[in-house]
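*Asks:* what follows is a protein structure lacking sequence information:
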């Protein structure tokens, strides 16, 4: 069963996911797993239509031939933090992989425009015996001939076999979920070089199990303890990519020598694709400078000391870049989203009606236009707009991403501009209504119905809501509150012993978020719901949320998610990754010591969960069927509302456009998740 249809394939950045606080920095609390495509791929896999959305333009189109591109020069890029080593098997640092992705050669790769699994070290592949959830598929693939590691040694099939066996034996954390379902990897016979036996169907096998970095056997066969091995002290790192590390002083600077016309960057699919330059890299060297803080990094670019920065420019500096001669912004889209999450284990947050009603009090216009100055896009689904294949809008022809009332069901309800419609929202609560996917008018706004046909876990409220006299002190302190909500006859303060709490970072660190939460909490109180803010540091919040699951509502953001959804959905929203506080026994028994990503308890409680759809999507090896299941799961999560997605960042990557060209714009994470692609495209300006 071989196929050339690679649309809907996975992406290597899935192995570099990390949590980021909304304006409070990033933390390496990684998601497990990975994603990929369908049934196979070939050297000459053809393009499908480029996915677009209403928030970004078409990706940059390139018409030049490699022989027309000038070579030479040094491109210097700044980072705010030092990389955490150059050991591919032990580091989880995104800063490290900004370097390692240029050093390594991967079995397969995924282009950041069409999200198709493309040939890399492997030229073609197929899968057989994938006949249902209990099957054990056989994967066959061929290894490219003529490749050399950056120390000059030739690569062979033996290096590929060694890589898999070493990872299967050592089980490095970064790749443990990748190798876990592999039963064996061996030499194949006939037209194929390698045979891989899987213990179960993996719908994304081609960018997950096939997308690993190839280790040089002559180096790693002598490494007994991979965790303590330091390649930079042993003449490495050694890989199949175009870069060789010539200087490694991680606290100050790193230098890479680049090989022009590298064989992995001159493949036919690159030549056939109008969005990429084949024949790169084009610069002689790439230098990384390390700065002690983000502010120092930003200033270094604005002052022309470096050619670009890792990730993006701060929104406060966008206008300065526009004004600086010879500096430009490469536009891109988010690889994640910003959100507020609810603890579904607590009354009344266990009720979809109540969670949805809270969103009606969130002033989207104030957040996006007044505070974010238009540098965020209104949030809705738990897949960013760039990931078209798994967005629910793609289930219906002619529906543009984000441009449908079905994606704005929980928008701010207002009686006048900026004035919350208190009466309408209260009626939504007392009527016990749920926006469950059925077409209708909800809280005064028409909703056309589910895009995918999926329904929410609830169609009516779990609790009875009424309003009476004001009793809670937090409401008495705010002027103009005429009534207080009752949940099954009790105030929330009587149920919880305190008002509901919304976590927030210190205003000094996140002033915009602090203002938004103040506005939102004020509106929630005006509804008659006792709510208070609780200020805490990012690290403290991580412990309370992911360690203890002791919270009501918290803000955070995900970055570098899978564009094909399955591993992301499983890691964040499947009940397998949630502590079940309903279990009897002491605290240690009902909570794992691991920080699980599904802090909300989504899927554990009555009336909210997408485990069935997520499970089916994970083992579906046909791309279109898998994407359809993912779309349904994404929309059910939207309707169940364990998260309120409040925005997607508009990414602006600053570059020295006076001296360099070739930057690929209008893709997800142009200077972060897809930095390696950029550094093999950039070239001196003619």
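*Replies:* Sure, I can see it. Everything quoted here is computed from the prediction, not taken from an experiment. Numbering: from 1, shown residues only.

*Asks:* which residues in the stretch 501-650 of the chain form strands?
*Replies:* Along the stretch 501-650 of the chain, the segments classed as strands by DSSP state E, counting those that start in this stretch run 531-535, 553-559, 643-656.

*Asks:* how about those strands, which one is nearest residue 619?
*Replies:* Closest to residue 619 of these is strand 553-559 (C-beta to C-beta; 23.5 Å). (Each C-beta comes from the backbone N, C-alpha and C, glycine too.)

*Asks:* how distant is the closest one from the center of its chain?
*Replies:* Centre-to-centre, strand 553-559 and its host chain are 12 Å apart (C-alpha atoms, centre = their mean, to the nearest Å).

*Asks:* what angle sits between that strand and strand 531-535?
*Replies:* Orientation of strand 553-559 against strand 531-535 (axes from the mean of the first three to the mean of the last three C-alpha atoms, to 10 degrees) gives an angle of 50 degrees.

*Asks:* give me the angle between strand 553-559 and strand 643-656.
*Replies:* Going by the same axes, to 10 degrees, strand 553-559 makes 40 degrees with strand 643-656.

*Asks:* which elements pack onto strand 553-559?
*Replies:* Helices and strands touching strand 553-559, by 3 or more C-beta pairs under 8 Å, 6 or more residues apart in numbering; DSSP states H and E, are strand 18-21, strand 337-342, strand 500-504.

*Asks:* dump those to TSV, plus distance to residue 659.
*Replies:* Shown next, in TSV, are these (distance: least, C-beta to C-beta, whole Å):
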stretch	distance to residue 659
strand 18-21	31
strand 337-342	34
strand 500-504	43
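
*Asks:* can you show me the helices along the stretch 51-200 of the chain?
*Replies:* Under the criterion DSSP state H, counting those that start in this stretch, the stretch 51-200 of the chain carries helices at the ranges 94-103, 157-170, 176-179.

*Asks:* who touches the longest one?
*Replies:* Same thing as helix 157-170. 89, 107, 121, 143, 175, 178-179, 182, 185-187, 193-194, 196, 212-217, 220-221, 226 (C-beta atoms under 8 Å, 6 or more residues apart in numbering).

*Asks:* buried subset of these?
*Replies:* 89, 107, 121, 143, 175, 178-179, 182, 185, 193-194, 196, 212-217, 220, 226 (16 or more other C-beta atoms under 10 Å).

*Asks:* could the strands of the stretch 501-650 of the chain go into TSV alongside mean neighbour count, distance to residue 575 and mean pLDDT?
*Replies:* Listed next are the strands of the stretch 501-650 of the chain as TSV, based on neighbours: other C-beta atoms under 10 Å; distance: least, C-beta to C-beta, whole Å; pLDDT from 0 to 100:
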stretch	mean neighbour count	distance to residue 575	mean pLDDT
strand 531-535	17	27	97
strand 553-559	23	18	95
strand 643-656	24	15	96
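
*Asks:* among these, which comes closest to residue 331?
*Replies:* With C-beta to C-beta, the closest approach to residue 331 among the strands of the stretch 501-650 of the chain belongs to strand 643-656: 6.5 Å.

*Asks:* quick check: angle from that closest one to strand 337-342?
*Replies:* 160 degrees.

*Asks:* list the helices and strands strand 643-656 packs on?
*Replies:* strand 308-309, helix 318-323, strand 327-333, strand 337-342, helix 352-359, strand 376-377.

*Asks:* quick one, which of those gets closest to residue 395.
*Replies:* Between residue 395 and these, the shortest separation by C-beta to C-beta is 19.5 Å, and it involves strand 337-342.

*Asks:* circling back to that earlier point, for residue 423, find the nearest of the helices and strands packed on strand 643-656.
*Replies:* Closest to residue 423 of those is helix 352-359 (C-beta to C-beta; 12.7 Å).

*Asks:* now for the closest one, which elements pack on it?
*Replies:* The helices and strands touching helix 352-359, judged by 3+ C-beta pairs under 8 Å, 6+ apart, are helix 422-430, strand 643-656.

*Asks:* try it again at 6 Å.
*Replies:* Applying 3 or more C-beta pairs under 6 Å, 6 or more residues apart in numbering; DSSP states H and E, we find helix 352-359 packed against helix 422-430.

*Asks:* quick one: the strands in the stretch 51-200 of the chain?
*Replies:* Counting by DSSP E, counting those that start in this stretch, the segments of the stretch 51-200 of the chain that form strands are 74-79, 108-110, 117-119, 122-128, 138-143, 182-187, 194-198.

*Asks:* mean pLDDT and distance to residue 75 added to the helices and strands packed on strand 553-559, as CSV?
*Replies:* Shown next, in CSV, are those (pLDDT from 0 to 100; distance: least, C-beta to C-beta, whole Å):
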stretch, mean pLDDT, distance to residue 75
strand 18-21, 38, 25
strand 337-342, 97, 30
strand 500-504, 97, 39
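
*Asks:* quick revisit: Throw the helices and strands packed on strand 643-656 into CSV and include distance to residue 258 and mean neighbour count, thanks.
*Replies:* Below are the helices and strands packed on strand 643-656 laid out as CSV (distance: least, C-beta to C-beta, whole Å; neighbours: other C-beta atoms under 10 Å):
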stretch, distance to residue 258, mean neighbour count
strand 308-309, 15, 25
helix 318-323, 26, 14
strand 327-333, 20, 21
strand 337-342, 34, 23
helix 352-359, 48, 25
strand 376-377, 35, 22
